[in-house]
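# Show me the folded form of this:
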Amino acid sequence: MRKGNIYADSTRDIPSNLQTREVLRRSGIRDDSKLKSEMETLIGKLLASVNDEHLLEPAVSYEIYPITDIEEFLEA
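Next up is the predicted model:
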């Protein structure tokens, strides 16, 4: 999409690759050896459903601006 001299776009084809350990760490559980196997199984199923049902779709939006004055970038 163009807005004058500015180009804006987004990328949505970003794979989500969350692992059980990352979810636990974010929840404040650092040692997954203390986790019950039933809980680990449940987290694995939830992560699978997030991927299968596209519940989490990472995206990046960006804008590209033209350089109008190169001299200010060359001064050091």
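
# Y7 - how many residues pack around it?
Neighbour count of Y7, defined by other Cβ atoms under 10 Å: 13. Where C-beta positions appear, they are placed from N, C-alpha and C, glycine not excepted.

# Okay, and it sits in which element?
Taking DSSP states H and E as the criterion, Y7 maps to strand 6-11.

# List the strands paired with that strand, with their directions.
Strand 6-11 has its sheet partners listed here by DSSP bridges as strand 2-3 (antiparallel), strand 60-64 (antiparallel).

# and the residue lying closest to P58 once chain neighbours are set aside, what does it touch?
Closest residue to P58 apart from its sequence neighbours, by Cβ to Cβ, 6 or more residues apart in numbering: I14 at 4.2 Å. Counting by Cβ atoms under 8 Å, 6 or more residues apart in numbering, I14 touches 57-60.

# Distance-wise, check L55 relative to P15.
14 Å (Cβ to Cβ, to the nearest Å).

# These two: who's more crowded?
Using other Cβ under 10 Å, the more surrounded residue of L55 and P15 is L55, with 10 against 6.

# Shouldn't the more buried one be within a helix?
No - L55: not assigned to a helix; according to DSSP: H, G, I helix; E, B strand; the rest coil it is coil.

# hang on, it packs against L46?
No - using Cβ atoms under 8 Å, L55 is not in contact with L46; the gap is 9.5 Å.

# Now stretch 47-54: buried residues?
Of the residues in stretch 47-54, L47 count as buried by neighbour count, 16 or more other Cβ atoms under 10 Å.

# what mean pLDDT does it have?
Mean per-residue pLDDT for stretch 47-54: 83.

# ok so, going back, now that we have the contacts of I14, can you turn them into TSV and tack on pLDDT and distance to D31?
Shown next, in TSV, are the contacts of I14 (pLDDT from 0 to 100; distance: Cβ to Cβ, whole Å):
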residue	pLDDT	distance to D31
E57	79	31
P58	80	28
A59	82	33
V60	86	33
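
# how about these in JSON lines, adding distance to I29?
Formatted as JSON lines, the contacts of I14 follow (distance: Cβ to Cβ, whole Å):
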{"residue": "E57", "distance to I29": "26"}
{"residue": "P58", "distance to I29": "23"}
{"residue": "A59", "distance to I29": "28"}
{"residue": "V60", "distance to I29": "29"}
